[in-house]
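>>> compute the structure for the input listed below.
(one chain, ligands or ions: 1)
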Amino acid sequence: MTDIRPAVRFAPSPTGRLHIGNIRTALVNWLYARRSGGTFLLRLDDTDVERSKAEFATGIAEDLAWLGLDHDRSVRQSDRFARYGKAVERLRAAGRLYACYETSDELDRKRKRRLARGLPPIYDRAGLKLTPADHGEHESEGRRPHWRFLLGEPREIAWGDLIRGPQAIDIATLSDPVLVREDGATLYTLASVVDDIELAITHVIRGEDHVTNTAVQIAIFEALGAQPPAFAHHSLLVGPDGAGLSKRLGSLSIASFRAAGLEPMAVASYAATIGTSDPVAPFPDLAALVARFDLSRIARAPARFDPEELEQLNAKLLHELPFEAVASRLAALGVGGGAAFWLAVRGNLQRLGEALDWWLVVEGPIAPVIEDAELCAAAAGLLPAEPFGLQTWGQWSEAVKAATGRKGRALFHPLRLALTGREQGPELKALLPLIGRERALERLAGQRA
Ligand code: GLU
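Next up is the predicted model:
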């Protein structure tokens, strides 16, 4: 038995930035490859040369890199037109491509007429019936043909979808697809099959908006004498209200998540767990996601994307991150205080960047708020000598309580306002040693420090 390593691909079109839906597809493929010891190919589907832009291709690479989704190989369809031309020749020689001359207006009218007669709006294969004389006439009118793939006699195309289970689509319900445009450009439907054959893709994992394409593409694989790969179609995203997200996806770009300061692992954890039988949960790194990955846990039901849930996941992730995981990013932000500072503040963060706000509170100068001058003066007098440790706050506040009779909120709130200038924040127990005796005394006296 030959041991074939799985090979998967993520095939975005560089006609826009990647959004959360795309990343879900990318991630499922990447996790599949990494879990199975297979390869992950990045394929840029840029056959639409007018709409494809270099800046979007760069954006895709940036977004994948930000998430840590590395690829083993990358190709661009625009580099492979010659390969597609060869496949077109083969299909033409086998009588599977036929020339058609309808304009899009004519096709539209045909569709409407069929619908009015209660028929499915599929192409009537008029191009197949053209005589050599008809062809000559069209050409002499200056019309150039586009080419359709002859799907053939009515039959069912079936496959065992690795997510959706057994699938069968009747060819009679499909239009013969256009594979070559008037200008000679090969369309995605064929290009994708040629690539999947030549790049030895074993598993095509993509959104369920491609289920119908799959039937057509299986017929093309067969016409090209190739064994189709395995297919898996995941459900699409819906919003918290259950409505489709397609119109809102533009605002859910990976670039906007990054700009908003979300953690890449929060986005990856969310994209990898929504729409699965696992609970939505933060994972510290991609390796942890790989370890739990199982295609069979992807649910058929639509995956619900809730921006609020992503926010919560981001916070939860930060609250659990060890110092080593963030040390270099904190340093880049100008945040000091080492692990003690990180452990003191992480539980209060929604975004990593907020650590800087708390660092500025520690380092000062801040404007202390003196709510109870008498209490603050007494507290200053009782502040022990350094070194301060995690037990200092408890001992000191007990002493202040005993001396002043203040307790509960009347004790803690004025001390917090004086020491930090804020109503709320990380535990004073952890902050006090970082603030230190000198600054604490100045702040208790109402001085900027
Ligand atoms: N470029 C196609 C898309 O973005 C790829 C579909 C596929 O995976 O074959 O939908």
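>>> ok, now which residue in the chain is the farthest from the centroid?
Ala403 (56.9 Å; C-alpha atoms, centre = their mean).
>>> and that residue, what helix or strand is that in?
Assigned by DSSP states H and E, Ala403 falls within helix 392-404.
>>> what separates that helix from the chain centre, distance-wise?
How far helix 392-404 lies from its chain's middle: 50 Å, per C-alpha atoms, centre = their mean, to the nearest Å.
>>> kindly report the same for stretch 254-265.
Mean-position distance between stretch 254-265 and its chain equals 10 Å (C-alpha atoms, centre = their mean).
>>> OK, contacts around the spatially closest residue to His138 that is not a sequence neighbour?
Spatial nearest neighbour of His138, excluding adjacent residues (C-beta to C-beta, 6 or more residues apart in numbering): Tyr101 at 4.4 Å. Any C-beta I mention is one placed from the backbone N, CA and C, and that applies to glycine too. Tyr101 is in contact with Gly127, Leu130, His138, Arg143, Pro145, His146, counting by C-beta atoms under 8 Å, 6 or more residues apart in numbering.
>>> at 7 Å what do you get?
Tyr101 makes contact with His138, Arg143, Pro145, according to C-beta atoms under 7 Å, 6 or more residues apart in numbering.
>>> can you give me the strands in the stretch 201-350 of the chain?
For the stretch 201-350 of the chain, the strands defined by DSSP state E, counting those that start in this stretch occupy 203-207, 230-234, 237-238, 303-304.
>>> reformat the ones you listed as a markdown table; add distance to the ligand and mean pLDDT.
A markdown table is the format used below for the strands of the stretch 201-350 of the chain (distance: least, C-beta to the nearest ligand atom, whole Å; pLDDT from 0 to 100):
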| stretch | distance to the ligand | mean pLDDT |
| --- | --- | --- |
| strand 203-207 | 4 | 98 |
| strand 230-234 | 10 | 98 |
| strand 237-238 | 14 | 92 |
| strand 303-304 | 17 | 92 |
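>>> just say helix, strand or coil for Gly425.
Counting by DSSP: H, G, I helix; E, B strand; the rest coil, the backbone at Gly425 sits in coil.
>>> could I get the contacting residues of it?
So Gly425 contacts Asn348, Trp358 (C-beta under 7 Å, 6+ apart).
>>> just the one 3 residues further on next, same as before
For Leu428, the contacting residues are Trp393, Leu415, Arg416, Leu419, by C-beta under 7 Å, 6+ apart.
>>> got CSV for these, with pLDDT and distance to Ala327 too?
Formatted as CSV, the contacts of Leu428 follow (pLDDT from 0 to 100; distance: C-beta to C-beta, whole Å):
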residue, pLDDT, distance to Ala327
Trp393, 98, 25
Leu415, 98, 30
Arg416, 98, 28
Leu419, 98, 26
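>>> now the residues you listed as a markdown table including distance to the ligand, neighbour count and secondary structure?
Below are those laid out as a markdown table (distance: C-beta to the nearest ligand atom, whole Å; neighbours: other C-beta atoms under 10 Å; DSSP: H, G, I helix; E, B strand; the rest coil):
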| residue | distance to the ligand | neighbour count | secondary structure |
| --- | --- | --- | --- |
| Trp393 | 56 | 19 | helix |
| Leu415 | 57 | 24 | helix |
| Arg416 | 52 | 19 | helix |
| Leu419 | 54 | 26 | helix |
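>>> which pair in the residues you listed spans the largest distance?
Farthest apart among those by C-beta to C-beta are Trp393 and Arg416. That separation is 10.9 Å.
>>> residues of the stretch 1-150 of the chain that sit close to the ligand?
Residues of the stretch 1-150 of the chain found near the ligand (C-beta under 6 Å from any ligand atom) are Ala11, Pro12, Ser13, Asp45.
>>> ok, so of those, who is nearest Ser78?
Nearest to Ser78 among these is Asp45, at 9.3 Å by C-beta to C-beta.
>>> pull up the gap between that closest one and Asp196, please.
12 Å (C-beta to C-beta, to the nearest Å).
>>> for Ala380, same thing?
Taking C-beta to C-beta, one finds Ala380 at 74 Å from Asp196.
>>> with neighbour numbers in mind, choose between these two.
Asp196 (24 against 16; other C-beta atoms under 10 Å).
>>> need the pLDDT of the more buried one.
Looking at Asp196, its pLDDT is 98.
>>> ok, for it, nearest residue in space, not its chain neighbours?
Nearest non-adjacent residue to Asp196, counting by C-beta to C-beta, 6+ apart: Pro229, 5.9 Å away.
>>> so where's the chain shaky on pLDDT?
Applying pLDDT under 70 to the chain flags residues 1-3.
>>> count the neighbours of the closest residue to Leu390 other than its chain neighbours for me.
Nearest non-adjacent residue to Leu390, counting by C-beta to C-beta, 6+ apart: Lys429, 5.9 Å away. Lys429 has 16 neighbours, counted by other C-beta under 10 Å.
>>> and if you look at Ile157?
19.
>>> name the SS class of it, please.
strand.
>>> wait, what's in contact with it?
Residues near Ile157 by C-beta under 7 Å, 6+ apart: Ile169, Ile171, Ala215, Ile218, Ala219.
>>> now these in a markdown table, with distance to Thr276 and neighbour count?
Shown next, in a markdown table, are those (distance: C-beta to C-beta, whole Å; neighbours: other C-beta atoms under 10 Å):
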| residue | distance to Thr276 | neighbour count |
| --- | --- | --- |
| Ile169 | 26 | 18 |
| Ile171 | 33 | 16 |
| Ala215 | 26 | 21 |
| Ile218 | 27 | 18 |
| Ala219 | 31 | 24 |
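>>> so of the residues you listed, which ones are in helices?
In this view, these that belong to helices under DSSP state H are Ala215, Ile218, Ala219.
>>> what about the closest residue in space to Ile254 that isn't next to it in sequence, distance to Ala223?
Among residues not flanking Ile254 along the chain, Asp63 sits closest, at 4.1 Å (C-beta to C-beta, 6+ apart). Taking C-beta to C-beta as the measure, Asp63 falls 36 Å from Ala223.
>>> just Gly405 next, same as before
Taking C-beta to C-beta as the measure, Gly405 falls 90 Å from Ala223.
>>> who has more neighbours, these two?
The residue with more neighbours, out of Gly405 and Ala223, is Ala223; 20 against 10, by other C-beta under 10 Å.
>>> and for the residue nearest to that one when sequence neighbours are not counted, the neighbour number?
Sequence neighbours aside, Arg96 is the residue nearest to Ala223 in space, at 5.0 Å (criterion: C-beta to C-beta, 6+ apart). Counted by other C-beta under 10 Å, the residues lying close to Arg96 total 21.
>>> Arg96 contacts Arg148, doesn't it?
No - the criterion here is C-beta atoms under 7 Å, and Arg96 misses it with Arg148 at 9.4 Å.
>>> so what's the residue count around Ala168?
Ala168 has 10 nearby residues by other C-beta under 10 Å.
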